[in-house]
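Asker: Show me the folded form of this:
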Amino acid sequence: MANYFFHFNTAIEPSYPFWDHGAAGKCHLDRELIAQDLGFSRIDCFTYEWANEPMDTLNARLDGLLGGLQHNDCLIVHWAFPPAFNHRWIQAFINRVHLFGAKLVFLIDDMASWRYRPILPDPEKDDLDYYLRDVNVNLEITFLNQADGLIVHSEAMANHLKAQFALFDQELMGAITWYGPSVNRIRYFHTKRRFDQGVDYAGALYKAAFLQQLPNKFPLNIYGARPEDKKLAENKAIKLHTRVDPEAISQMLEGSYGLVWDSESFPGVVGSLGQYERYNTPAKFPMYLSANEPVIVWSQASTANFVKDNQVGLVLDSLDQLPQAVQSVTEDQYQKMIANVERISPLIRDGFFLKKAILDVMDMIYVHAI
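Answerer: Below is the predicted model:
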């Protein structure tokens, strides 16, 4: 049995795919490096657009990509696929993996249909038939259901996916694990954090209107600022940093806490992307922790229990609690929090949680399935 992960190439230049798309490239790279640590080999695939590619040509191309697979090999593939690949290509790919007798594991990068509709319909109140006909939802269910195993973000995501499958009268496969706080591979060197240095937020200020409602004197460090942010930061205690390479930002974080929050308005969590955090692990979360920085999260987020159980930050019901919550932490309490973060951060940097998820799903597929 051999183990592989699938790597999508998107350019002929010596760069990493999706590196300039927020944190996507960094996340993909880190997961692939973790798989390599476990002895997985890389299969490269160059993305291309050919909507009407003849099936014999497509199958021949897939034979060239996957022809080295043998019975009971394991192949890990990021979900979702690059936009260049249409649904016909994805189905042919899945069929080919199974034709060679290999086991297919989807490592969930993002659930596209959940980003615009994270809350499932209520069969008693909503138009369930309309939801079941949604092409984006249908295709995700169809493709994911053909995997031999899944690695998702959180237990909450696994349960939500199980409930979604039930709406389609389908049962989610048993081989499913989650990577929780995920991974952020960096070499980190930094002096100890102080408890009075404000809050860091990775992202453009103009896309985070909720931060505008915080008190003018509340110190914020914004990483990823655009020219549009200068006007928004006027008359506030906001320090703007332009976007830097994803490998560098962990070294630049200078605040006392890292904020993980998404909302269309203040102070609660409003909008589909905010509600999506009930299930996903935002890239900000391991990024802050890998830099020995306590985190601030929404109480309903999938990450909230990890923060509470390990005492590595603050958990808020709404953002109007933020100034008082930060102010109420004493220096002694903060240093205890830092000690807890420093216990967790090496595991984040080394990819412990993802390694465990990969090994656990393989155990379910190869050992407990017998």
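Asker: where exactly do the strands run in the stretch 251-370 of the chain?
Answerer: 257-259, 295-298, 313-316 (DSSP state E, counting those that start in this stretch).
Asker: is it possible to export the ones you listed to CSV including mean neighbour count, distance to I249 and mean pLDDT?
Answerer: No exception for glycine: its C-beta is placed from N, CA and C like everyone else's. Shown next, in CSV, are those (neighbours: other C-beta atoms under 10 Å; distance: least, C-beta to C-beta, whole Å; pLDDT from 0 to 100):
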stretch, mean neighbour count, distance to I249, mean pLDDT
strand 257-259, 25, 11, 98
strand 295-298, 25, 15, 98
strand 313-316, 22, 18, 98
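Asker: Nearest to F18 among those strands would be which one?
Answerer: Nearest to F18, of all those, is strand 257-259, at 22.2 Å by C-beta to C-beta.
Asker: What pairs with the closest one, parallel or antiparallel?
Answerer: As defined by DSSP bridges, the strand partners of strand 257-259 come to strand 199-202 (parallel), strand 295-298 (parallel).
Asker: T191: which of these is closest?
Answerer: Smallest distance to T191 across the strands paired with strand 257-259 (C-beta to C-beta): 15.5 Å, for strand 199-202.
Asker: can you give me how far the closest one is from the chain middle?
Answerer: Its chain's average C-alpha position is 18 Å from that of strand 199-202, according to C-alpha atoms, centre = their mean, to the nearest Å.
Asker: averaged over its residues, what pLDDT does it have?
Answerer: Average pLDDT, strand 199-202: 96.
Asker: Check which helix or strand the residue in the chain sticking out farthest from the centre maps to.
Answerer: Centroid-distance maximum for the chain: D56 at 35.5 Å, with C-alpha atoms, centre = their mean. In the assignment (DSSP states H and E), D56 maps to helix 55-66.
Asker: Check which residues of that helix are buried.
Answerer: By neighbour count on 16 or more other C-beta atoms under 10 Å, the buried set for helix 55-66 is L58, R61, L62, L65, L66.
Asker: Quick check: bridge partners of C45?
Answerer: Per DSSP bridges, the residues bridged to C45 are F8.
Asker: What residues does it make contact with?
Answerer: Counting by C-beta atoms under 8 Å, 6 or more residues apart in numbering, C45 makes contact with F6, H7, F8, N9, L65.
Asker: Please name whichever of the strands of the stretch 251-370 of the chain is nearest to E234.
Answerer: Nearest to E234 among those is strand 257-259 (20.6 Å), distances taken as C-beta to C-beta.
Asker: what about the closest one, distance to the chain center?
Answerer: On C-alpha atoms, centre = their mean, the centre of strand 257-259 falls 17 Å from the chain's centre.
Asker: And for that strand, what's in contact with it?
Answerer: With contacts defined as C-beta under 8 Å, 6+ apart, strand 257-259 is touched by 199-202, 284, 287-289, 291, 293-296, 313-314, 322, 326.
Asker: Quick check: closest non-adjacent residue to L240.
Answerer: Leaving aside its sequence neighbours, L240 sits nearest to A225 (C-beta to C-beta, 6 or more residues apart in numbering; 3.9 Å).
Asker: give me the beta-bridge partners of the one you found?
Answerer: When bridges are called by DSSP bridges, A225 pairs up with T242.
Asker: G22 versus that one, what's the distance?
Answerer: 14 Å (C-beta to C-beta, to the nearest Å).
Asker: More neighbours: those two, which one.
Answerer: A225 (21 against 15; other C-beta atoms under 10 Å).
Asker: right, and the more buried one touches T242 too?
Answerer: Yes: with contact defined as C-beta atoms under 8 Å, A225 counts as touching T242 (5.5 Å).
Asker: close enough to count as contact, N221 and S256?
Answerer: No: with contact defined as C-beta under 8 Å, N221 does not count as touching S256 (9.8 Å).
Asker: What residues sit buried inside stretch 8-26?
Answerer: Neighbour-count burial for stretch 8-26, with 16+ other C-beta under 10 Å as criterion, is recorded at F8, T10, Y16, P17, F18, W19, A23, A24, G25, K26.
Asker: Need the CA coordinates for that stretch. CSV is fine.
Answerer: What follows is stretch 8-26, C-alpha atoms only, in CSV (Å, rounded to 0.1, in the frame of the first residue of the first chain):
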residue,chain,number,x,y,z
PHE,A,8,-2.8,21.2,-8.3
ASN,A,9,-0.5,23.3,-10.4
THR,A,10,-2.0,26.5,-11.7
ALA,A,11,0.9,28.2,-13.4
ILE,A,12,4.2,27.5,-15.1
GLU,A,13,6.1,29.9,-12.9
PRO,A,14,7.9,28.5,-9.8
SER,A,15,5.2,29.7,-7.4
TYR,A,16,2.7,28.0,-5.2
PRO,A,17,-1.0,27.8,-6.3
PHE,A,18,-3.4,30.3,-4.7
TRP,A,19,-0.6,32.0,-2.8
ASP,A,20,-2.2,35.5,-3.4
HIS,A,21,-5.7,34.3,-2.6
GLY,A,22,-5.9,35.2,1.1
ALA,A,23,-4.7,32.3,3.2
ALA,A,24,-5.7,29.6,0.6
GLY,A,25,-2.2,28.9,-0.7
LYS,A,26,-0.5,28.8,2.7
